[in-house]
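[1] Test case, fold it:
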Amino acid sequence: MTVVGSKRMIVYDDMEPLEKLRIYDTRVEAPPHYDSFAEFTYSYHYGDVYVPCIKQEEPLKLECQHFLECIRGQCVPLADGRRGLEVVSILEAATESLRQRGVSVTTEALAKSNNGNGDGAGRGNNHDNGRLIMPAAMRVKVVA
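    Below you'll find the model as predicted:
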């Protein structure tokens, strides 16, 4: 994955055994002002490459350790039930958008259409007395 910013470029390569992340001091700058097309030229900057040291740990092991710590009361979950509810609501809205051929669907509209009655796959779990349990409405649009 490559992320290009205005001052740096980051390349993440999960296939690399050790140097998964590289930060390049490389950028392209447009001139601040020009009067004609002939004066317009990009300025290329090539700089150093920085490879930060990233501790290599097994993700599943960390996840299981965190789960056990939560059960023992040593910490609170990073992803609690409310976050899970938000993810399910977004996925349901995306599914509804696909059904309607890319129409924008808000999670609020999805809650109103379900009426909290529990019909449909996984629906009804997102509601408390007919209202959606989310801090704010989100708009989801899927373009195939």
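[2] and the residue nearest the centre of the chain, what element?
    Among the residues of the chain, the one closest to the centroid is V87, at 10.9 Å (Cα atoms, centre = their mean). Applying DSSP states H and E as the criterion places V87 in helix 81-99.
[3] Counting by contacts, list what the helix or strand following that helix packs against.
    Following helix 81-99 in sequence order, the next helix or strand is strand 105-106 (DSSP H and E). On a contact count with 3 or more Cβ pairs under 8 Å, 6 or more residues apart in numbering; DSSP states H and E, strand 105-106 meets helix 81-99, strand 139-140. Where C-beta positions appear, they are placed from N, C-alpha and C, glycine not excepted.
[4] now the helix holding V87: how far from the chain's centre is it?
    Its chain's average C-alpha position is 14 Å from that of helix 81-99, according to Cα atoms, centre = their mean, to the nearest Å.
[5] tell me the average confidence for that helix?
    Averaged over helix 81-99, pLDDT sits at 87.
[6] buried sites along it?
    Across helix 81-99, burial judged by 16 or more other Cβ atoms under 10 Å covers 85-86, 89, 92-93, 95-98.
[7] Could you check how far the residue nearest to the centre of the chain is from D80?
    11 Å (Cβ to Cβ, to the nearest Å).
[8] now do E29
    44 Å.
[9] Okay, V11 and I23: tell me how far apart.
    Going from V11 to I23 by Cβ to Cβ gives 8 Å.
[10] which one of the buried residues of helix 81-99 sits closest to S43?
    Taking Cβ to Cβ as the measure, S43 sits nearest to S97 out of these, at 42.3 Å.
[11] wait, doesn't that closest one sit right on V103?
    Yes - with contact defined as Cβ atoms under 8 Å, S97 reaches V103; the gap is 6.0 Å.
[12] Now I23. Nearest residue, chain neighbours left out?
    Nearest non-adjacent residue to I23, counting by Cβ to Cβ, 6 or more residues apart in numbering: Y50, 4.4 Å away.
[13] Next, count neighbours for that neighbour.
    Using other Cβ atoms under 10 Å, Y50 has 12 neighbouring residues.
[14] dump the residue contacts of Y44.
    By Cβ atoms under 8 Å, 6 or more residues apart in numbering, the residues touching Y44 are 27-29.
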